[in-house]
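**Q** with the sequence up front, the predicted model follows.
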Amino acid sequence: MDHEHASEVLSGYLDQELGLSEALEFERHLAGCEQCQQVYAQHRQLSAQLKQPGLRVEAPKELAMRIKAALPGRRSPWERLGERLRRWTGGRSSTWAPVGAMAMSVVALSWSLSLYLAVPSSEQRLTQELVDDHIRSLQFNHLSDVISTDKHTVKPWFNGKLDFAPPVVDLAQQGYPLVGGRLDYLDGRAVAVMVYHYKLHPINLYVWPGNNAGAVPHIHAQQGYHLAHWSTAGMNYWAITDAGDNELSGFIAELRAHPAS
C-alpha cells in the first residue's frame with residue numbers, strides 16, 4: 001500500500017469499515033510511515049474527543065416522529081409470512097387455518113430463539129472489542145502515546161483528554177514496571193490505558209469510571225490472551241496480556257494492594 005492509498009483508507013480504518021486484508025495492509029504501511037503515524041494519532045485523538053458524552057445532542061421527539069412518519073412503510077416478517085399463507089390457501093378460510101396459525105407460532109418462536117442465542121452479550125462484545133484493541137496496539141507498535149516509567153509524567157498527560165483522572169500506580173519494585181500510557185476508545189467512550197511490562201510481556205490496563213464488573217477479578221483466556229476485569233473505588237478495570245494467568249494474577253494482586261495515586 002502506497003502513501004496516497006493509506007491516506008484514502010485512514011478514515012475507513014478508524015471506523016473499522018475495512019476488510020481484513022486491507023486493514024492488515026494499512027497496518028503494515030503505518031508501521032513504517034512516521035507521517036501516517038502522526039496523522040493517525042491526531043485522527044484517533046480527535047475521534048475520541050468528538051465521542052465524548054458531553055458533545056452528544058438528543059434529537060427532539062417531534063423531529064424523530066416526523067422523520068419516522070416520512071419513512072416508507074415496511075411490512076414485518078410476520079406480515080409477509082401471513083401474506084404467503086393467504087396465497088397458499090387462496091384467501092379462503094378452511095380447516096387448515098388453526099394448523100397454519102400454529103405453524104406460524106412455531107416458526108416465530110424458533111426464529112426468535114435462534115436470534116437470541118446468536119446475539120452475543122454486552123460483556124462478550126466488550127471482551128472481543130478489548131482483545132481486538134490490544135492486538136492492534138501490538139501490531140502498530142503503538143502501546144503508548146506517552147512513554148515514561150514515572151507515574152508523575154503519565155498521570156498529568158491525561159489532563160484535558162478525559163473527563164476523569166485515572167489512577168496511575170508504579171509497580172516497578174514488584175516486577176511490573178510502568179512503561180507509559182495512551183488514550184483509547186472502548187465500550188462507547190474514551191478510556192485511559194496504562195501500559196506495564198512483565199519481562200517481555202506487555203500488559204494493557206484499561207480504566208474508566210463505573211461499577212459494571214464485580215469486585216473480585218476473574219481471569220479467563222480468549223484468543224491466546226489472558227484477561228481479567230473488576231471494579232473498585234468507582235472505576236472499571238480491564239487487564240489483558242499474553243503472559244500466563246499466574247503472572248496476570250500476580251499483577252492484579254500487586255495493583256489492588258497498592259494505594260492508587
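**A** Okay, I see it. Numbers count the residues shown, from 1 in each chain.
**Q** and the closest residue to Gly234 other than its chain neighbours, how far is that from Leu126?
**A** Once flanking residues are discounted, Gly234 sits nearest to Pro209: 6.0 Å by CB to CB, 6 or more residues apart in numbering. C-beta here means a position set from N, CA and C on the backbone, and glycine is covered the same way. With distances taken as CB to CB, to the nearest Å, Pro209 is found 15 Å from Leu126.
**Q** of those two, which one has the most company?
**A** Leu126 (20 against 17; other CB atoms under 10 Å).
**Q** can you tell me the element that one falls in?
**A** Following DSSP states H and E, one finds Leu126 within helix 122-139.
**Q** do Gly181 as well
**A** Gly181 is part of strand 178-186 when elements are defined by DSSP H and E.
**Q** tell me which other helices or strands that strand touches.
**A** helix 34-50, helix 122-139, strand 146-147, helix 151-157, strand 189-198, strand 201-209 (3 or more CB pairs under 8 Å, 6 or more residues apart in numbering; DSSP states H and E).
**Q** what sits up against the shortest one?
**A** In other words, strand 146-147. With CB atoms under 8 Å, 6 or more residues apart in numbering as the test, strand 146-147 has contacts from 153-154, 157, 179-182.
**Q** now render those residues as a markdown table, adding neighbour count and pLDDT.
**A** Below are the contacts of strand 146-147 laid out as a markdown table (neighbours: other CB atoms under 10 Å; pLDDT from 0 to 100):
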| residue | neighbour count | pLDDT |
| --- | --- | --- |
| Thr153 | 15 | 89 |
| Val154 | 26 | 91 |
| Trp157 | 19 | 91 |
| Val179 | 18 | 92 |
| Gly180 | 20 | 91 |
| Gly181 | 26 | 92 |
| Arg182 | 23 | 90 |
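**Q** for those residues, give me TSV that also has distance to Val216.
**A** Below are the contacts of strand 146-147 laid out as TSV (distance: CB to CB, whole Å):
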residue	distance to Val216
Thr153	32
Val154	27
Trp157	31
Val179	27
Gly180	28
Gly181	26
Arg182	27
